[in-house]
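In: next one to model:
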Amino acid sequence: MSPASAAAARVAVGLEGFENLTYGTRVYRVRYRTQDRGQAVEATAFLAFPTDDSGAVAEAPTGLWVHPTMGVIDACGPTGLGLVGAAYPMLMASAGFAVAAPDYLGMNGWGEASDQIHPYIIPEPTAVASLDAVRALWRFADEAIDPAATMPLQRGVIWGASEGGFAALWADRYAPGYLPEFK
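Out: This next block holds a predicted model:
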């Protein structure tokens, strides 16, 4: 996404006041492995990376965007909503963050449907799946993107609204034990 497209995305979601978004973005929809109560499950997420004129930003702080309540079924996962679902991760990437933006468990936004019920506002599965999306971001940058071109730093920010505020709180609380390298 070019800086001009990022500007259009800001308008689409009512964030016209964000003026210092200087990067283009590259956004991917991915499926990643996480777990729920010790059982392996597959989840979906957006991964967004800032880009400059050369096509990438060498180092970027990690951003974890956890979305507001959008429903509780697969069709409500942001990865299934196109530009609307990708707007916030793209905006964060436009500000210079490498972003993991997971759908919640039970909300696979694309591909094979989830076989579980969304654990709405339950701390552990929400935090664990969100932090595993950060792991997926780091691994994707290392394996699928030239690591010399784009490397998310192991420091950054967790940001969310509504249900995402709940998710951000619990991801922050679980991070020291579950993903201690994320500062």
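
In: which stretches of the protein form strands?
Out: Applying DSSP state E to the chain gives strands spanning 24-36, 39-51, 59-66, 98-102, 151-160.

In: and those as TSV, adding mean pLDDT and distance to G77?
Out: C-beta here means a position set from N, CA and C on the backbone, and glycine is covered the same way. Listed next are these as TSV, based on pLDDT from 0 to 100; distance: least, CB to CB, whole Å:
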stretch	mean pLDDT	distance to G77
strand 24-36	94	10
strand 39-51	94	6
strand 59-66	95	12
strand 98-102	97	9
strand 151-160	91	15
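
In: out of those, deepest packed?
Out: strand 98-102 (a mean of 32; mean count of other CB atoms under 10 Å).

In: and the pLDDT at A9?
Out: On the pLDDT scale, A9 is placed at 64.

In: again with E16
Out: 68.

In: next one: the one 5 residues further on
Out: On pLDDT, L21 comes in at 73.

In: do I have it right that it meets L91?
Out: Yes - the criterion here is CB atoms under 8 Å, and L21 meets it with L91 at 6.5 Å.

In: quick one, what contacts F49?
Out: 25-27, 56-57, 60, 93, 98-99, 141, 145, 150, 152 (CB atoms under 8 Å, 6 or more residues apart in numbering).

In: CA atoms only for stretch 79-94, dumped as PDB, please.
Out: The C-alpha coordinates for stretch 79-94 follow below in PDB (Å, rounded to 0.1, in the frame of the first residue of the first chain):
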ATOM      1  CA  THR A  79      -9.000 -11.000   8.000                       C
ATOM      2  CA  GLY A  80     -12.300 -11.800   6.200                       C
ATOM      3  CA  LEU A  81     -13.300  -8.100   5.900                       C
ATOM      4  CA  GLY A  82     -10.800  -6.900   3.400                       C
ATOM      5  CA  LEU A  83      -9.600  -3.200   3.700                       C
ATOM      6  CA  VAL A  84     -12.000  -2.500   6.600                       C
ATOM      7  CA  GLY A  85     -10.400  -5.400   8.600                       C
ATOM      8  CA  ALA A  86      -6.900  -4.500   7.600                       C
ATOM      9  CA  ALA A  87      -7.200  -0.700   8.200                       C
ATOM     10  CA  TYR A  88      -5.800  -0.500  11.700                       C
ATOM     11  CA  PRO A  89      -2.800  -2.900  11.100                       C
ATOM     12  CA  MET A  90      -2.000  -0.900   7.900                       C
ATOM     13  CA  LEU A  91      -2.200   2.400   9.800                       C
ATOM     14  CA  MET A  92       0.200   1.100  12.500                       C
ATOM     15  CA  ALA A  93       2.500  -0.200   9.800                       C
ATOM     16  CA  SER A  94       2.300   3.300   8.100                       C
END
